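1. from the sequence below, what's the structure:
(one chain, ligands or ions: 1)
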Amino acid sequence: MIYHLLVPFASQLTLLNVFRYITFRSIAAFTTALVISILLGPKVIAWLTRLKCGQYIHEDVKAHQCKAGTPTMGGLLIVIAICVSVLLWSDLSNENVWMTLLVFLGFGAIGMADDYLKVVQKQNKGLSARGKIVGQILIAAAAVGILMMDPDFSTKLAVPFFKNFQPDLGLFYLPFAVMVIVGASNGVNLTDGLDGLAIGPTVVAAGMFALFVYVAGHAQIARYLQVMPVSGVGEVTVFCAAMVGAGLGFLWFNAYPAQVFMGDVGSLSLGGALGFVAVVCKQELILLIVGGVFVLETLSVILQVSYFKFTGGKRIFKMAPLHHHFELKGIPESKIIIRFWILSILLAFVALSTLKLR
Ligand code: 57M
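-> Predicted coordinates:
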């Protein structure tokens, strides 16, 4: 909005040219989202507490019993901070920004409906697992379908570390990209089981994608780094920067010991947005590295559940997702969280190295 209000006057007042720059507006979006989430945090937490949005705590992990009553649905704070900040600072004539925002809100709406049924209406089950996944697939398929209608959109796949190997998936790109988006959303959701465990790696991944999106949207830098160029995608940097700001602001309250949990409204929306950003900037496989923590957590569940079924009740891990395994081994929660953060930062550097090692 600010872009549209001020840039027309740049010819009269050259200082206003600064609002043309994606970098400047991304820093502004980061700061705005951070300030909104920190300032609104206490009010939102008090409101959720009044609404009695206390999280139900499973009985099987003893260390979590002291968390009973911690309000959930704090992801609403993230959604508000990102939306306000993106609407303020991005070029609203850019379709990629709107698509990212709509995917983010669509996944958030599914999460919100589930949280609402579980914690406000006190319905034990919330939305059915099938209902949730069908909703996610429909939103992701609609978004990818719209992208693919653009004749300039490439269905080729950039493979990290191999600059000359870019297989064209053709129509198979649609199910592939849907899997990336839905997988990312559920990966973040599965990881969200300890204080700050999901939001830390989400902030790191969003920061890393801010860079990849900027590079892909900048024809010269993309050519120099041999990254697949995507015209007009640079503006999504503003969204990623807002995600980093809102995420850090939320971490302020979600840091151990947490005053609030994000709920599905936060985890599904953030994961869905990360997946879509990876698709829109044509760095789908980089998400596997940048979001390696989410991939590990998801793999631990797939392995555990398959092994459990196959052997009729035996387990590989003490409990899945992986963070529960370490908890049951007696490692303190804060140590597990910080080690997962360290891992996500290391993986972000590996992803960064793909810009040069190819
Ligand atoms: C949701 N939700 C947390 C909070 C958060 C297939 C199966 C592996 C699925 C998995 C599952 O349901 N995962 C997704 C995980 C819950 O957090 C709420 O949920 C929101 C995210 N969706 O925002 O509102 C609990 O996590 C803790 N928490 C924190 N700090 C936070 O910042 O401490 C969350 C955020 C909260 C709180 O205790 O109540 C969750 O874990 O439920 N299921 C599981 O994870 C279950 N695993 C399991 O059953 N494993 C089996 C295999 C065979 C499937 C096994 O290994 O034997 C475990 N979940 C829990 N206890 N809580 C079982 C033990």
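2. so who does Gly263 touch?
-> Taking CB atoms under 8 Å, 6 or more residues apart in numbering as the criterion, Gly263 is in contact with Cys53, Gln55, Thr72, Met73, Gly74, Gly75, Leu76, Gly111, Met112, Asp115, Val119. Yep, even glycine has a C-beta here, placed from its N, CA and C like the rest.
3. tell me the most packed of the residues you listed, by neighbour count.
-> Of the contacts of Gly263, Gly111 is surrounded by the most neighbours, 32 neighbours in total, counting by other CB atoms under 10 Å.
4. wait, what's in contact with it?
-> Gly75, Asn189, Gly263, Asp264, Val265, Gly266, Ser267, Leu268, Ser269.
5. list, out of the residues you listed, those positioned next to the ligand.
-> Asn189, Gly263, Asp264, Ser267 (CB under 6 Å from any ligand atom).
6. which of these sit farthest apart?
-> Asn189 and Gly263 (9.8 Å; CB to CB).
7. for the contacts of Gly263, which one is nearest Leu352?
-> Looking across those and measuring by CB to CB, the closest to Leu352 is Gly75, at 27.7 Å.
8. now the element after the helix of greatest length in the chain, going C-ward?
-> Ranked by residue count, the top helix of the chain under DSSP state H comes out as helix 22-50. Following helix 22-50 in sequence order, the next helix or strand is helix 75-89 (DSSP states H and E).
9. count the residues that sit near the closest residue to Gln226 other than its chain neighbours.
-> Leaving aside its chain neighbours, Gln226 sits nearest to Lys163 (5.1 Å; criterion: CB to CB, 6 or more residues apart in numbering). For Lys163, the neighbour count with other CB under 10 Å is 15.
10. and the gap between Lys163 and the ligand?
-> Using CB to the nearest ligand atom, to the nearest Å, one gets 37 Å for the distance from Lys163 to the ligand.
11. so what's the backbone phi/psi at that residue?
-> Note on Lys163: its backbone torsions stand at phi -70, psi -20 [degrees, to the nearest 10].
12. does anything pack onto the helix or strand of the chain with the lowest mean pLDDT? Which helices or strands?
-> Lowest on mean pLDDT, DSSP states H and E among the helices and strands of the chain sits helix 2-6, with a mean of 93. Counting contacts by 3 or more CB pairs under 8 Å, 6 or more residues apart in numbering; DSSP states H and E, helix 2-6 packs against helix 22-50, helix 75-89.
13. CA atoms only: put the shortest one into CSV for me.
-> Put plainly, it is helix 75-89. What follows is helix 75-89, C-alpha atoms only, in CSV (Å, rounded to 0.1, in the frame of the first residue of the first chain):
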residue,chain,number,x,y,z
GLY,A,75,-0.5,-18.6,15.1
LEU,A,76,-3.3,-16.0,14.7
LEU,A,77,-0.7,-13.4,15.8
ILE,A,78,1.7,-14.6,13.1
VAL,A,79,-1.1,-14.4,10.5
ILE,A,80,-2.1,-10.9,11.5
ALA,A,81,1.5,-9.6,11.6
ILE,A,82,2.4,-11.1,8.2
CYS,A,83,-0.8,-10.0,6.4
VAL,A,84,-0.6,-6.4,7.7
SER,A,85,3.0,-6.1,6.9
VAL,A,86,2.8,-7.6,3.4
LEU,A,87,-0.3,-5.4,2.6
LEU,A,88,1.6,-2.4,3.8
TRP,A,89,5.0,-3.0,2.0
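14. distance between it and the chain's centre?
-> 14 Å (CA atoms, centre = their mean, to the nearest Å).
15. spell out which parts of the stretch 151-300 of the chain neighbour the ligand.
-> So far as CB under 6 Å from any ligand atom goes, the stretch 151-300 of the chain lies against the ligand at 189-190, 192-195, 254, 258, 261-264, 267.
16. what about 5 Å?
-> Residues of the stretch 151-300 of the chain lying close to the ligand by CB under 5 Å from any ligand atom are Asn189, Leu190, Asp192, Gly193, Leu194, Asp195, Ala258, Phe261, Met262, Gly263, Asp264, Ser267.
17. that's a helix at the second one, yeah?
-> The one in question is Leu190. Yes. Counting by DSSP: H, G, I helix; E, B strand; the rest coil, Leu190 falls inside a helix.
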